Structure formats: C-alpha cells, structure tokens
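In: Structure here, sequence nowhere to be found:
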C-alpha cells in the first residue's frame, strides 16, 4: 500500500509530457516571442499526433488519412494524385493557397529564382490551378528543408512578417504552414532526408493555423512522399526493363553482324568463335573477300566492353569491309579506317586489329595494328612458329600510316590462330592473379593441331579450355579465329 501511494504521488508530481502536436515553430510577438519559435526538437513529422479527444473531429481526421492512403495505393496518375492531395490540404487547413515545392535533385523544370526550389503543384482555394508567377516564403521553405521540422506561423504585425521573410511582408500573409516531404536515405537505418515541402498560406486576418492543422498537414505530406517514392521506383522499374530490352536487341543485332563461316573458299578452312563479357562485345571477327579476290581474315578489339565499345565495333567492322572491297591494298584500307575512327572515338579509346589476307595458294599478308601476334602451327615440324609483326593501334594517331609488315606462306595442313586478349587473360577460378596465359594457349593449340581436329573443334576446345580454367568467368570479351590451308 505504501508503494502504491508513493507511485501515485510521483505521478501527480510529474508534469505531463508535451503532446507531440506541439511540434511547431509557432508563436507571436504579442505573446512576447518572435513570429517563429521552436517548441520541440522532434524532426520527424510522422510522430506528430492529430487526435484531440473530440470524437467527431478525430473521426473526420482519420477518414481523411484513410482516404489518402487508399488514393496513394490505387493511384495510376502521379500528377493527378499530387494535385488532389494539395487541394485536400487547402480544404483541411482552411487556407487560400497550397503549394508542393521540390528541392535539389527532385527539382526539375524551371526554378524559383536562384533558390534551387521548383513548384510541382500550385493550387488556390476552390480547386483552381495557379498559372501566374507564384511567390511564396522561400525563407520558411528553406528553414523546413534544412531543419526537417514542420513550421506554422501566425503574423500579427509587420515586424512579424519581416522576421519571417520579405515575401511574407510583401504578400501580406497572415498565416503560413509548411511541412517537409521525406524519403528514405541511402545511409541505412531509419534516417530520412527532406526532398521538398507541402506549403499553405492565407491572407485572412482571422485565420490562424492550429496545432491539429499542422499535425494532420504533416501526416498528409507523408502520403505525398510515399506517392513520389512509388513513382520513382515505378519509373526505375520501367527504365530498367527498357534498358534490358535495349541490351537484348543490341546483343541480337551484334550477333547478326558476326559473319557466317565461309564454306566456299578454295583450299582454306576457317572458323570463328566469340563470347562477350556483357550483353554486347567490343571484339569482332570478320571474313571479307578483298578487291583482288583474297580472303581477309580479321580480328579486332575495341578497348573496354559493353554498349559503347560495341558501337565502335560495329562502325569499325562496317567501314573496314567497305574499304577492303574497293581498295586492293590492305595497308591503305586500314589507314582509311584509322582516319575514320580517329574522328569518332573519345581520347584514350583505341582499336587493335589483325588482318590476314590470304590466297588459295597459301600466300599470306599480315597487318598488325597493336594486336597480339597470331600463332602459326607448322604441320611439317609439329611446332609453333613466331609470327613477328607489330604496329600501333587504330585511333591513337589520326595521321598514322599502316602497311603490311609480314608476308609468309602457309603450306598444306598448316594452321594459324588469331585471338583477342580476353582469351589469355582469363583469370584462374582459384587465384585471380593467375591468368590462362599464352603458354597454356600454345600448348593447347599444339595438341589440337597435332590431333588433326577441324578448325571448328579447335576454336571451341581452346575457348572451353580457357573458360574451364577460369570457372566460366571472364572479365573481357573472348574472340578467336582458326585458319587452315587444306
């Protein structure tokens, strides 16, 4: 009994905690304070309580919020929803104007001066749109954005108005209410960052926004936040789907640009294989009949991988095909391609290229523009010979001149392998610093050639060997072409 009496006494002696609805910045100079004072340190409008104890009033407030929840959940048109919420805010607060103002990255379109603020919705009492130049208290809006706390202010004198901001004085505003819109931050936890505000004001001398008005107003602002976030996520989903479709289309188009394997070339057997690191590739191979009826076997590699290099790849492949068909000299054709690419590619981007122009009698001319030297397996010796040929990559020197710096003869049964660096740079699945490397490639190529495998089997087996070494992972595009004189 003593304990119970003591607890009751403590309860009577403890002053009641201030209601959350007192989270305002409102006062008046008539009460000896400034036009705007902070009454609480709470910065989360969702903690504000709008229930007053009046059953009829509280029922209407709850109905308003439930109606807004339903509208936000079912809304298909964001603009119509935001206009509706602003109209309801004006009606509930008994205001003359209502504005939805966005800031920072959310503020798109024309801004209000240099304030970095943008009007998304501007409405007048009675559901009318405000199309003229709209002025509002940017000082109050910025205060709410910076502090993250709702504001209500009642102006009872010119000094109050000037304290709130010049626009309040000029517009002869008597009551202003402003609450922040919030959205989840990317910092983790429950932190929220203001992206805009919901704002109402009135010139009526008898109008004074109450704590309940501010509470309900703040709750409505949260529904706008949800609506904006839903719209952002929906747009992100649509854009992601569009990007996926674009990449699928680009991948299909690029696959279609890879040439068919020529079957009607006298005394030659060739096969090409490629796999992009992403949906699209910066590598390409091609087989082109030159103006003087040779077969040009081409392997190219644009720096990087993905959509950007893929576009350069398509341009380079198309241009080179055209040049080789009208210019008999391979060096001249590649020089023309270099001039063309130098005008298109960004600084730091370049294209490595290997062109092997071969006749049916085995006479082969090789031009190397910054690419890996090809591997040549001689049937007579069963060994790989080094093919020494080198040059600068395309796109580095607009004035560069290219010439074929290597000529050799392929005998019957000899094989040549051209490849991009993605093949030998495939990392080990157990140690990413350990690469597949040229030595493993030479050993595998030698063994497959000695077994008499077809060019198609050799190409696939070499690719499988590198991918098995890396566990199927590869950070770069992989392309290879195998050529045999039959």
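Out: Perfect, I can see it now. For clarity, every value in this text was computed on a predicted model and none was experimentally measured.

In: quick check: mean pLDDT across stretch 452-460?
Out: Averaged over stretch 452-460, pLDDT sits at 95.

In: what's the answer for stretch 285-297, then?
Out: Mean per-residue pLDDT for stretch 285-297: 92.

In: Could you tell me the end-to-end distance of that stretch?
Out: Stretch 285-297 has an end-to-end distance of 8 Å (C-alpha to C-alpha, to the nearest Å).

In: Give me the distance from that stretch to the chain's centre.
Out: 40 Å (C-alpha atoms, centre = their mean, to the nearest Å).

In: Would you mark the buried spots in that stretch?
Out: 285-288, 290, 294-297 (16 or more other C-beta atoms under 10 Å). Any C-beta I mention is one placed from the backbone N, CA and C, and that applies to glycine too.

In: Next: stretch 262-271.
Out: Neighbour-count burial for stretch 262-271 flags 262, 265, 268-271 (criterion: 16+ other C-beta under 10 Å).

In: and that stretch, how far out from the chain's middle?
Out: Worked out by C-alpha atoms, centre = their mean, stretch 262-271 lies 44 Å from the chain centre.

In: and for it, what are the contacting residues?
Out: 261, 287, 295, 297, 358, 360-362, 454-456, 458-459, 481-486 (C-beta atoms under 8 Å, 6 or more residues apart in numbering).

In: how about a cut-off of 7 Å?
Out: Stretch 262-271 is contacted by residues 261, 287, 295, 297, 358, 360, 455-456, 459, 481-486 when judged by C-beta atoms under 7 Å, 6 or more residues apart in numbering.

In: now swap in stretch 140-147 and tell me
Out: Residues external to stretch 140-147 that are found in contact with it (C-beta under 7 Å, 6+ apart): 43, 101, 103, 117, 150-151, 153, 164-165, 176, 178-180, 194, 197, 199.

In: Can you flag which of those belong to helices?
Out: Cross-referencing the contacts of stretch 140-147 against helices under DSSP state H gives residue 164.

In: So the chain: which segments form each domain?
Out: With domains defined by automatic domain parsing, the chain comprises 13-234, 259-485.

In: looking at these, which has the lowest confidence?
Out: Of all the domains of the chain, domain 13-234 has the smallest average pLDDT, which comes to a mean of 67.

In: Any buried residues in the helix or strand in which residue 79 is found, and which?
Out: Applying DSSP states H and E as the criterion places residue 79 in helix 78-93. Within helix 78-93, the residues that qualify as buried are 78, 81-90, 92-93, counting by 16+ other C-beta under 10 Å.

In: So which other helices or strands are in contact with that helix?
Out: helix 55-74, strand 97-103, strand 117-124, strand 192-202, helix 211-257 (3 or more C-beta pairs under 7 Å, 6 or more residues apart in numbering; DSSP states H and E).

In: State the number of residues packed around residue 329.
Out: Using other C-beta atoms under 10 Å, residue 329 has 18 neighbouring residues.

In: Ok, the one 4 residues further on next?
Out: Per other C-beta under 10 Å, the neighbour tally for residue 333 reads 27.

In: Hmm, residue 326 and it touching each other?
Out: No - the criterion here is C-beta atoms under 7 Å, and residue 333 misses it with residue 326 at 8.3 Å.

In: so which pair among the contacts of stretch 262-271 is furthest apart in space?
Out: 360 and 459 (21.3 Å; C-beta to C-beta).

In: PyMOL command for the buried members of the contacts of stretch 262-271?
Out: Of these, the buried ones go into a single PyMOL selection, burial set by 16+ other C-beta under 10 Å:
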select buried, resi 261+287+295+297+358+455+459+481+482+483+484+485
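
In: Residue 399: which of the contacts of stretch 262-271 is nearest?
Out: Looking across those and measuring by C-beta to C-beta, the closest to residue 399 is residue 297, at 27.4 Å.

In: beta partners for the closest residue to the closest one other than its chain neighbours?
Out: Excluding its sequence neighbours, the residue lying closest to residue 297 (C-beta to C-beta, 6 or more residues apart in numbering) is residue 356, at 4.5 Å. Going by DSSP bridges, residue 356 is paired in beta bridges with residue 297, residue 366.

In: which residues does residue 356 contact?
Out: Going by C-beta under 7 Å, 6+ apart, residue 356 touches 297, 364, 366, 374, 416, 418, 483.

In: Strands - which of those land there?
Out: Those of these mapping onto strands are 297, 364, 366, 416, 418, 483, per DSSP state E.

In: Reformat the residues you listed as TSV; add distance to residue 321.
Out: Shown next, in TSV, are the ones in strands among the contacts of residue 356 (distance: C-beta to C-beta, whole Å):
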residue	distance to residue 321
297	13
364	20
366	18
416	21
418	17
483	18
